[in-house]
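Visitor: quick check, what structure comes out for this input:
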Amino acid sequence: MFVATGFFMGVDTYWKNRVCLLPGHAHEIDAKGYLMKSTPNFRWHHTPQELSFEQSLEAYIDLLTTITKEQVGDEPVILPLSGGLDSRSQALVLKDLPNPVHAFSYSFEGGYPEHKISEQIAKECHFTFDGFKIPKGYLWHCIEELASINGCYSEFTHPRQMAVLPQLKKMKGVFSLGHWGDVFFDRGAPEGSTEADMVPLLFKKMVKPKGIELAEKLWQHWSLEGDFKSYLISRIEKDLADIKIDNVSAKVRAYKTSQWAHRWTTTNLKVFEAAHPITLPYYDNRMCEFVCSTPEAYLADRRLQLAHLQQDKKLAQITWHAQRPFNLLNYQYNKAPYNLPYRIFNKLQREVTGFLGKPYIQRNWELQFLGTENAKHLESHLFDDEFNHWIPQTIIKEVYQDFKHGDAVASSHAASMLLCLSVWYQNNITAL
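Guide: Below you'll find the model as predicted:
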């Protein structure tokens, strides 16, 4: 499951006799450390209140402000900023609080300078700011530390904040993190989706094509009963059945939160926590209840967040990274023919830099896996004799050759998962 999706599901761990405690539950653990009982203290529901959009917007703004104030207290605030909506929403709230705020952002070396958008947001809010470039090959200098932090429960190319952890440790205050706002305040499923669409939709979103190929190879190698795809679908169906919601969009959002947020997003929050205490306004129980009681039409298409941010025209006029070069006031024009000049210019720019031997970087794995020096480090982990006792070289060679000579974008997930498994195995070989 981990290989296919990139995260463990439910209570699963690497170990047969260890579980991951479910969120929103009270747990009884005996003196020997064994889990005796888990009782849910929160259940996802869909009971939208009959409020106007303006009333829901006011309630959302009041709630986000109240939670943020309570969480940060009197502490200085460290705000990771992106070019999106979640951290910008936090910035708008923090802008009016007395706490000193230091914002930071990062961009990939050789990629789009997203930190420039963040810098504009910080300047408009009168925050101090640091912009970082994520360098090529940083992973190999900190991979053991990262493995210790996240326990190898997430592959290593997602938490790019690890590249600047020493700089983060020098900052002062508590983090205010905007994780999961994009899921709460958008559609859970495409408009018009039916109950029959849920499993195929989640399967497509969860599973990486090359990840499931690798998972099926391992399933066969270990001679497990049945077939992996059927097992995976049965897991999705069972967990969906436990969510007693009729609305498809709300049910998919609840499912994603109970799986993705719990086992993928939360795992790498530990990197921030290795520097300073963390606060998470979108994780607050009151925010979960608000989402459960808000009409889907208000949550869809980021309506509440956009309406909140559009109250500050200067913040709204700054580029929205996902809709670049458009902003929060004119993003509707990000379609032909209005966006053709930018798309043509952007493509030419990428082709020219590629021709000059400077490929355009869009993903963290490109900085960590591509190139001669990176390949040496990656191969030293994948083709380790001890590791190959567990995952045979025949399987690893198939994946690695596909990555090097086939579709690197599609195969990067499988290569990254093997790297994660290799580091975990080396760190646990004595116990095994």
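Visitor: can you pull the pLDDT of residue 38?
Guide: Here the pLDDT value assigned to residue 38 is 94.
Visitor: tell me how far it lies from residue 2.
Guide: 22 Å (C-beta to C-beta, to the nearest Å). For every residue, glycine as well, the C-beta is placed using N, CA and C.
Visitor: how distant is the one helix or strand residue 3 maps to from the center of its chain?
Guide: Per DSSP states H and E, residue 3 falls inside helix 2-5. The chain centroid and the centroid of helix 2-5 are separated by 15 Å under C-alpha atoms, centre = their mean, to the nearest Å.
Visitor: same for the helix or strand following it, what does it pack against?
Guide: The first helix or strand that comes after helix 2-5 along the chain, using DSSP H and E, is strand 25-29. Counting contacts by 3 or more C-beta pairs under 8 Å, 6 or more residues apart in numbering; DSSP states H and E, strand 25-29 packs against strand 35-40.
Visitor: what residues sit buried inside the strand it packs on?
Guide: residue 38 (16 or more other C-beta atoms under 10 Å).
Visitor: give the pairing partners of it; include direction for each.
Guide: Paired with strand 35-40 in the same sheet, following DSSP bridges, are strand 25-29 (antiparallel).
Visitor: CA atoms of the partner strand as PDB?
Guide: Output in PDB follows, covering the C-alpha atoms of strand 25-29 (Å, rounded to 0.1, in the frame of the first residue of the first chain):
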ATOM      1  CA  HIS A  25     -10.100   9.000  19.000                       C
ATOM      2  CA  ALA A  26      -9.400   8.500  22.700                       C
ATOM      3  CA  HIS A  27      -7.000   5.600  23.200                       C
ATOM      4  CA  GLU A  28      -6.600   3.300  26.100                       C
ATOM      5  CA  ILE A  29      -3.100   1.800  26.400                       C
END
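Visitor: rewinding a little: which residues are in contact with the helix holding residue 3?
Guide: With contacts defined as C-beta atoms under 8 Å, 6 or more residues apart in numbering, helix 2-5 is touched by 8, 12, 206-208, 211-212, 214-215, 218, 228, 232, 414, 417, 421.
Visitor: is residue 78 part of a helix or strand, or is it coil?
Guide: Following DSSP: H, G, I helix; E, B strand; the rest coil, residue 78 is assigned to strand.
Visitor: then residue 186?
Guide: Secondary structure assignment for residue 186 (three-state DSSP): coil.
Visitor: now do the contacts for the closest residue to it other than its chain neighbours.
Guide: Among residues not flanking residue 186 along the chain, residue 302 sits closest, at 5.5 Å (C-beta to C-beta, 6 or more residues apart in numbering). Taking C-beta under 8 Å, 6+ apart, we find residue 302 in contact with 85, 182, 185, 186.
Visitor: what about the third one, how many neighbours?
Guide: Here the number of neighbours of residue 185 (other C-beta atoms under 10 Å) works out to 26.
Visitor: how about the nearest residue to it, chain neighbours excluded?
Guide: residue 305 (5.0 Å).
Visitor: check for me that the one you found belongs to a helix.
Guide: Yes. Assessed by three-state DSSP, residue 305 belongs to a helix.
Visitor: from residue 187, how far out is residue 253?
Guide: Applying C-beta to C-beta, the value for residue 253 to residue 187 is 8 Å.
Visitor: among the two, which residue is more densely surrounded?
Guide: Ranked by neighbour count (other C-beta under 10 Å), residue 253 and residue 187 place residue 253 first, with 26 against 19.
Visitor: mind pulling up the phi and psi values for residue 105?
Guide: Dihedral pair for residue 105: phi -150, psi 170, per degrees, to the nearest 10.
Visitor: quick check: bridge partners of it?
Guide: Note on residue 105: beta-bridge partners by DSSP bridges are residue 131.
Visitor: so for it, what's the pLDDT?
Guide: Looking at residue 105, its pLDDT stands at 97.
Visitor: which residues touch it?
Guide: 80, 81, 82, 114, 115, 117, 118, 119, 129, 130, 131, 132.
Visitor: re earlier: hmm, which of the contacts of helix 2-5 are the buried ones?
Guide: Judged by 16+ other C-beta under 10 Å, buried ones among the contacts of helix 2-5: 8, 12, 206-208, 211-212, 214-215, 218, 228, 232, 414, 417, 421.
Visitor: show me which of those residues is closest to residue 316.
Guide: Nearest to residue 316 out of the buried ones among the contacts of helix 2-5 is residue 206 (C-beta to C-beta; 33.5 Å).
Visitor: got the phi/psi numbers for that closest one?
Guide: Main-chain torsions, residue 206, degrees, to the nearest 10: phi -80, psi -40.
Visitor: before we move on, the earlier item: contacting residues for the residue nearest to residue 185?
Guide: 85, 86, 89, 181, 185.
Visitor: distance of the last one from residue 259?
Guide: Pointing back at residue 185 there. Counting by C-beta to C-beta, the gap from residue 185 to residue 259 is 19 Å.
Visitor: what's the answer for the second one, then?
Guide: Taking C-beta to C-beta as the criterion, residue 86 is separated from residue 259 by 20 Å.
Visitor: burial measure for residue 95, as a count.
Guide: Residue 95 is flanked by 15 other residues according to other C-beta under 10 Å.
Visitor: isn't it right up against residue 125?
Guide: Yes. Assessed by C-beta atoms under 8 Å, residue 95 is found in contact with residue 125 at 4.3 Å.
Visitor: any common contacting residues for these two?
Guide: residue 101.
Visitor: hmm, back to that, of the contacts of helix 2-5, closest to residue 25?
Guide: Nearest member of the contacts of helix 2-5 to residue 25, counting by C-beta to C-beta, is residue 12, at 15.6 Å.
Visitor: nearest residue to the closest one in space, please, no chain neighbours.
Guide: Closest residue in space to residue 12, ignoring its immediate chain neighbours: residue 1 at 6.5 Å, by C-beta to C-beta, 6+ apart.
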